[in-house]
Structures are given as structure tokens and as C-alpha cells.
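Engineer: Next one to model:
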Amino acid sequence: MFADKKTLWETNRPETDLTLPARYYYDADIFQREAETIFYPSWHCVCHDTEVPEPGDYVKFDLLTQSVIVVRGDDGQVRAFHNVCQHRGTQLVEDRRGRFKQAITCPYHAWTYAFDGDLKIAPRTNALEGFNAADYGLKEVRAENYGGFWYINMDRNATPIAEEMKGALDAMRPYFPDLDDITFVEEVDYVVDANWKIITDNAIEGYHFKLSGPVHKELAALIDFKGYDLQAHGHWWDFKGPPKKVKTAFGHPITGEKYQTDWFYNIQLWPMTTLYAFPYADVIGTFNSIPLGPEKTLLRFGHYCPKSRPQSALSRAAMDWFNTQLGPEDIWLNLLVQRGVHSFGFDQGRYLIDPERGPNSEHLVHHFHKLVYDALTGGQSFPRKAAAE
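Structural biologist: Residues are numbered from 1 along each chain as shown. From the prediction side, this is the model:
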């Protein structure tokens, strides 16, 4: 791969670079190249281990033309398979999650597979010339558990996620003290008419927190921005801010409440998975931006609470606040940008880069753009095992 005229972006240093050209946010050819170089050969969060507790429990993950099911087997192992029957290519399941009763049965001709993918029943094939059931098992997809969550990668030769994201788990644990004790609570999906990178750009800078909508200002009021810190670490990055002393959060008193952390903490794993904790909420959230097209993205928000104690009223208030207030306000901002990048009056802007990489600096946006550009062009600026800026 190489930088052609369409993908060309000159980058020297964040302080003087111009942002990615506007066409990166709507061009169909660039999007198709992203599918081949970023989406398919990357790690994607599908579900938490508690979402598949029993044999036959499954969760489905769709990414453009590809569909994958993650299922727990009779042996207790979790595996991932392409969601397609090996007879005529029929999709096996449509629902996002569910439970297979005894086996995975194709709805078309009832070819039936064990939870380990082996073909067990294929009606009327017993006398079929040269047919060997062992040759027609479900096609397995790479699946690995990282921090209690199951990730899949369609590249069978991909770097293991623990190596790809080396250091990320250690970085998040102080802010997710109950990471090993959480269970799935809820999932909310939104379809947004915006490019996936616009959504990520918005999520990885604090510059707009005090300057945009009223809900962001509510969030900013919980954070001491003097201590806000944004750090890039190759294929993962995080940002965190210490708390302000407050009496209420998300419209609810905090006195006497238990919470994961009183810090604001976000960690993002390349290319589009986020785990986060809001101040004073006993909740770990996930945020996945799943591309549907050049200008359409599925935003999938998951919330997880500790198993060992009841869900608190404050945690419920935090989840509701996110789903009904902060999320919609962010979506509104995403839509404004998506409309704007089509303007004849705009192509590239400037990154706001503080020399000290402070709370308002957009150096993580530049870091993310460089990762995108290198993936599209075969660049080596951010080796998988090395930190970046």
C-alpha cells in the first residue's frame, strides 16, 4: 500500500500539521480501504464474559458484510465462528444475543453444528459421494479474552490482543477496581449519520467539554481540569481527570454511595473500542463505534456493574444520564461535523496542540489520525509495541 492522491495527507509534527482532509470522512473508496486495512484485521469488543454464562449462550457481532457469533461450548470454552452455514451460505442467527438449545441449527436445511463448530447433522448427505462431515464444520474466528471482555479479529495471524495493547490492562485497573467482579446490565444502540472517525475524534479531546453543549458542561463540573491528562501509547491511549469535590452527580446525591472511581477515566483500544468510568458512578461503560458505511455508524453503549453488591441509585442515574443526555448531545455534535465536512468552504483545519499536552490539547486526535493514515498507506510510524508521541 502507498499514499495515492486520494489518501495523501502531509504530516510532520502535530504542532504545525493540518487535520485529515475532509474527504476522509465521506469518501467511499477511502472507507473501503479502511475496511480492508483497519476494520477486518483489528480487534473488536463483542461482549463481556458474563453475557455468555452457559453452554449455548451466544452474542452476534456484525461488521459491514461480516457476521460473527461468540458462543460458549459444552466444555465451558468460548469460541467465535463466522455466522454462516457451510451448505449454501445461509446466516445462522439474526438476533444480537440468545441461547442455542442443544446445537446450532441452520434455519434453511437444518444442517446442525455442535457448539465447538463440528457438523453433527446434515440431512440426506449419508449417501452423498465424497462427502465428509469433518470438512464442513463452522469456520472459526480468532477470539481472545482481555480484561473479562471477548474480542474477535478476522485476521488469523493478528498479534495477540494482550501484546497489541500491552500495558492497557495495567493502566485501567486502578480506575476499574471491580473489573473482575462486573456483570452485564444493559446495552443501547444508536445509528448515527456520521463517519466513525468523526465520532472517535469527538471522544478523545477535552477541548470541547467546557465550550459545547450544557450536558458536557455538567460533566466538566465534576472534573478538575488542572490535573486532566491525555497519553498515547501506540495502539491504545487513555485520558483521565481527578474529581472535584461535589455533593451531587448526574442529579443524585453521592453521600454514602459506592463507586468504581471518583475520577473521569477513558481508555481506547485501536481502532474503535472504549472503556470508561464516570466520576462517582459504580459503573464500567463500553462504547464501540461500528462502521456501517462512509457516513453511517452504529454506536453501541454497554454498561456493567459489580456482581457482589446491588446496583445503586446513583449508578442507575449515571446510566440514564449517559443514555438520554450526554450521548444524544455528542451525537448532535457528530452530525454537525459530518454536514460541515461536505462544505466547499472547508477541507483541513488545525490541531490545537499545547506544548505541555494539557487538558485542551488535541494531540490524541493527531495520534489517532496518524494511525489511520499509516494503516491506509502501510506506514510504520507507530509500531505495534512502541509508544508514540
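Engineer: Tell me how the protein divides into domains.
Structural biologist: The record's domain split for the chain, according to automatic domain parsing, is 22-40+171-377, 44-150.
Engineer: winner for burial among the ones you listed?
Structural biologist: Greatest average neighbour count among those goes to domain 22-40+171-377 (a mean of 18), per mean count of other CB atoms under 10 Å. All C-beta atoms are positioned from the backbone trio N, CA, C, and that covers glycine.
Engineer: Now it: average pLDDT?
Structural biologist: The average pLDDT for domain 22-40+171-377 rounds to 93.
Engineer: again, but for stretch 5-19
Structural biologist: So the average pLDDT for stretch 5-19 ends up being 91.
Engineer: mind exporting it as CSV, just the C-alpha atoms?
Structural biologist: Coordinates of the C-alpha atoms in stretch 5-19 are reproduced here as CSV (Å, rounded to 0.1, in the frame of the first residue of the first chain):
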residue,chain,number,x,y,z
LYS,A,5,-3.6,11.3,-4.4
LYS,A,6,-6.8,10.5,-2.7
THR,A,7,-5.3,9.4,0.7
LEU,A,8,-2.4,11.9,0.7
TRP,A,9,-2.0,13.7,4.0
GLU,A,10,1.2,15.6,4.8
THR,A,11,2.3,15.1,8.4
ASN,A,12,5.4,16.3,10.1
ARG,A,13,4.6,17.3,13.6
PRO,A,14,1.3,17.8,15.5
GLU,A,15,2.1,21.5,16.3
THR,A,16,2.0,22.5,12.6
ASP,A,17,0.1,19.8,10.8
LEU,A,18,-3.3,20.3,9.2
THR,A,19,-6.1,17.8,10.1
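Engineer: Show me where the stretch 1-150 of the chain has its helices.
Structural biologist: According to DSSP state H, counting those that start in this stretch, the stretch 1-150 of the chain carries its helices in the segments 28-34.
Engineer: Check the stretch 201-350 of the chain too.
Structural biologist: Along the stretch 201-350 of the chain, counting by DSSP H, counting those that start in this stretch, helices occupy 214-220, 313-321, 327-340.
Engineer: can you tell me which of these comes nearest to Leu8?
Structural biologist: With CB to CB as the measure, helix 327-340 is the member of those nearest Leu8 (21.5 Å).
Engineer: And the next helix or strand past the closest one?
Structural biologist: Moving toward the C-terminus from helix 327-340, the next helix or strand (DSSP states H and E) is helix 363-377.
Engineer: Now do that next one: which elements does it pack against?
Structural biologist: Helix 363-377 is packed against helix 28-34, helix 196-203, strand 229-233, strand 236-241, with contacts defined by 3 or more CB pairs under 8 Å, 6 or more residues apart in numbering; DSSP states H and E.
Engineer: Could you measure from the residue lying closest to Ile284 once chain neighbours are set aside over to Leu63?
Structural biologist: Using CB to CB, 6 or more residues apart in numbering and skipping the chain neighbours, the partner closest in space to Ile284 is Tyr304 (4.7 Å). Per CB to CB, to the nearest Å, Tyr304 is found 22 Å from Leu63.
Engineer: Equivalent analysis for Pro328, please.
Structural biologist: Distance, Pro328 to Leu63, by CB to CB: 25 Å.
Engineer: likewise Leu119?
Structural biologist: 25 Å.
Engineer: How about Thr112?
Structural biologist: Applying CB to CB, the value for Thr112 to Leu63 is 26 Å.
Engineer: ditto for Pro310
Structural biologist: 36 Å.
Engineer: How about Tyr40?
Structural biologist: For Tyr40 relative to Leu63 (CB to CB), the value is 7 Å.
Engineer: tell me, what's touching those two both at once?
Structural biologist: Taking CB atoms under 8 Å, 6 or more residues apart in numbering as the criterion, Tyr40 and Leu63 both touch Met154.
Engineer: Since that was my last question, I'll sign off now.
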